[in-house]
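Chemist: no sequence for this one, just the structure:
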């Protein structure tokens, strides 16, 4: 069988609506880099979701798919796109100035607290999706302090929205969030063939061309036709590339044999957007 990627755009809409219920006052801007699937983008824009972009390519894509609220991050802002929009529509640019808190001294991202305090800002942003909840709380408090000192009215909390973090964000009235994984992780399911079984290693027909280190996620792995059978052992699910880096971790599965079909759920984030034809063709999307 050829590897197939089942895509369900309606799940992205449902995820957005559920997040909006949790944080009704927040501006939700989907981080496009998590998944560029055109139907997912169109579904989210129609639902009223905003977009977060960090390149001219993403900016133009967001405009084409109908996103009205667009947040631009990164060093190089696509000013030529803004100017083209002004020339075509005669509209004035309505932009908010935001400063991102530098997460640590050697980071290339953001500004130090001292640099932020030198100017006035409309928004203070902090993006710390990989930190512990305690560190995240400290950065949130720093952001709230800086909003008071600079006169900023908005806080941009970025992504990495766990249940604990959402509870804390409910206390903030003027909020921007930029979820990626939270909106699209469960929109995609991969169905791929088992090429070989070697000891504890299950070699599948998809590897680093689809699963990369950014995409590492809460995958749910099943063997087609054996969903209700007893799990016999912990297998390491690997791609076909001859490197031990090409694996998506250990999973408890029933007895796996060559030519079985593995079903890998929750693979909608940072997979298709970074996929390539390196050693294998990219999975073919099938919309459901």
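Modeler: Thanks, I have the structure now. The structure presented is a predicted model; accordingly, all values stated were derived computationally and were not measured.

Chemist: any idea how far residue 239 is from residue 259?
Modeler: For residue 239, the distance to residue 259 (C-beta to C-beta, to the nearest Å) stands at 17 Å. (Glycine included, C-beta is placed from N, CA and C.)

Chemist: With neighbour numbers in mind, choose between the two.
Modeler: Between residue 239 and residue 259, counted using other C-beta atoms under 10 Å, residue 239 has the larger neighbour count: 23 against 9.

Chemist: Tell me where the chain has helices.
Modeler: 9-22, 38-46, 56-64, 79-89, 113-116, 133-150, 163-169, 181-184 (DSSP state H).

Chemist: Quick check: residue 176 vs residue 143, distance?
Modeler: From residue 176 to residue 143 the distance is 11 Å (C-beta to C-beta).

Chemist: Pull up the overlap in contacts between the two.
Modeler: 125, 155, 157 (C-beta atoms under 8 Å, 6 or more residues apart in numbering).

Chemist: Most neighbours among those residues, which one is it?
Modeler: Counting by other C-beta under 10 Å, top hit in these: residue 157 with 28 neighbours.

Chemist: Show the contacting residues for that one.
Modeler: 125-127, 140, 143, 165, 169, 172, 175-178.

Chemist: how about a cut-off of 6 Å?
Modeler: 169, 177 (C-beta atoms under 6 Å, 6 or more residues apart in numbering).

Chemist: Residue 64: neighbour count?
Modeler: Neighbours around residue 64, by other C-beta under 10 Å: 12.

Chemist: ok, now residue 274?
Modeler: 19.

Chemist: Please report the distance of the nearest residue to it once chain neighbours are set aside from residue 199.
Modeler: Take residue 274 and drop its neighbours on the chain: the residue closest to it by C-beta to C-beta, 6 or more residues apart in numbering is residue 212, 5.4 Å away. The gap separating residue 212 from residue 199 is 25 Å, by C-beta to C-beta.

Chemist: One more: residue 136?
Modeler: Distance from residue 136 to residue 199, by C-beta to C-beta: 40 Å.

Chemist: more neighbours, these two?
Modeler: Between residue 136 and residue 199, residue 136 has the larger neighbour count (other C-beta under 10 Å), namely 20 against 7.

Chemist: Surely the more buried one is in contact with residue 128?
Modeler: Yes: between residue 136 and residue 128 there is a contact under C-beta atoms under 6 Å: 5.4 Å.

Chemist: hey, which helix or strand in this structure has the poorest pLDDT?
Modeler: The weakest-scoring helix or strand in the chain, judged by mean pLDDT, DSSP states H and E, is helix 79-89 (a mean of 53).

Chemist: what residue ranges in this structure score low on pLDDT?
Modeler: 75-96, 102-110, 129-131, 214-216 (pLDDT under 70).

Chemist: any chance of the helices of the chain in CSV, with distance to residue 227 too?
Modeler: What follows is the helices of the chain, written out as CSV (distance: least, C-beta to C-beta, whole Å):
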stretch, distance to residue 227
helix 9-22, 20
helix 38-46, 26
helix 56-64, 37
helix 79-89, 47
helix 113-116, 52
helix 133-150, 34
helix 163-169, 27
helix 181-184, 24
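
Chemist: Just give the closest residue to residue 146, not the sequence neighbours.
Modeler: Nearest one to residue 146, counting by C-beta to C-beta, 6+ apart, is residue 124 at 4.8 Å.
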